[in-house]
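A.B. asks: 3D model of this:
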Amino acid sequence: MAFVSSIDVIGSGFTAQQQRLDVISENIVNMNTTRTEEGEGPYRRKITVFEADNGVGRFADVLARTRNGRGGRLATETRGGVRVAEVAEDPSDFKLKYDPTDPDANEEGYVELPNVDLVKEITDGMAASQAYSANVTAFNLLKSVIAKGMEIGK
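C.D. replies: The predicted structure is shown next:
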């Protein structure tokens, strides 16, 4: 059934955007963290990196087809979608603030602040929310197509 693979594609979008929102939330929470647990300076902003997931050669898919006795052709049974390839650190420079009384200040009295920009995080959050909403719309459309198809059989 072709609609099952469509559900998989939409589900991958839900998962990827939810993880993106989780990373954005982590960035906002740590926007004033001047010292990490490792003591290696301020918090560094994280970014989610997406990549296309065409499903070719997934071990679980091949194993399922083998168990069912269906050889199947991988090239024709691929599913599209998206996945989070990695959660990378933003290499941009830290912000500096002059505060010689801060315990994290360097010899010149400057404190390194995280490279998190609240406006950028809110903008990214809005984009992720819109993408999530688009997936909801696609899912609702697919549900109505399936319902109409079931009515044909009556």
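
A.B. asks: And for the closest residue to Ser92 other than its chain neighbours, the neighbour number?
C.D. replies: Spatial nearest neighbour of Ser92, chain neighbours left out: Asn115 (4.8 Å); criterion: C-beta to C-beta, 6 or more residues apart in numbering. Quick note: C-beta positions are derived from backbone N, CA and C, even for glycine. By other C-beta atoms under 10 Å, 19 other residues sit near Asn115.

A.B. asks: What separation is there between Asn115 and Gly125?
C.D. replies: Going from Asn115 to Gly125 by C-beta to C-beta, to the nearest Å gives 17 Å.

A.B. asks: same thing with Ser133?
C.D. replies: In terms of C-beta to C-beta, Ser133 sits 13 Å off from Gly125.

A.B. asks: So those two - more neighbours on which side?
C.D. replies: With neighbours defined as other C-beta under 10 Å, Ser133 and Gly125 compare such that Gly125 has more, 16 against 11.

A.B. asks: how far is the biggest helix by length in the chain from where the chain is centred?
C.D. replies: Secondary structure of the chain per DSSP state H: the longest helix is helix 118-152. In this view, helix 118-152 has its centroid 15 Å away from the chain centroid, taken as C-alpha atoms, centre = their mean, to the nearest Å.

A.B. asks: Buried residues in it, which are they?
C.D. replies: Within helix 118-152, the residues that qualify as buried are Glu121, Asp124, Gly125, Ala128, Ala131, Tyr132, Asn135, counting by 16 or more other C-beta atoms under 10 Å.

A.B. asks: and of the residues you listed, the nearest to Arg20?
C.D. replies: Nearest to Arg20 among those is Ala128, at 4.6 Å by C-beta to C-beta.

A.B. asks: what pLDDT does that closest one get?
C.D. replies: Per-residue pLDDT puts Ala128 at 95.

A.B. asks: ok, now Ala147?
C.D. replies: For Ala147, the predicted pLDDT is 87.
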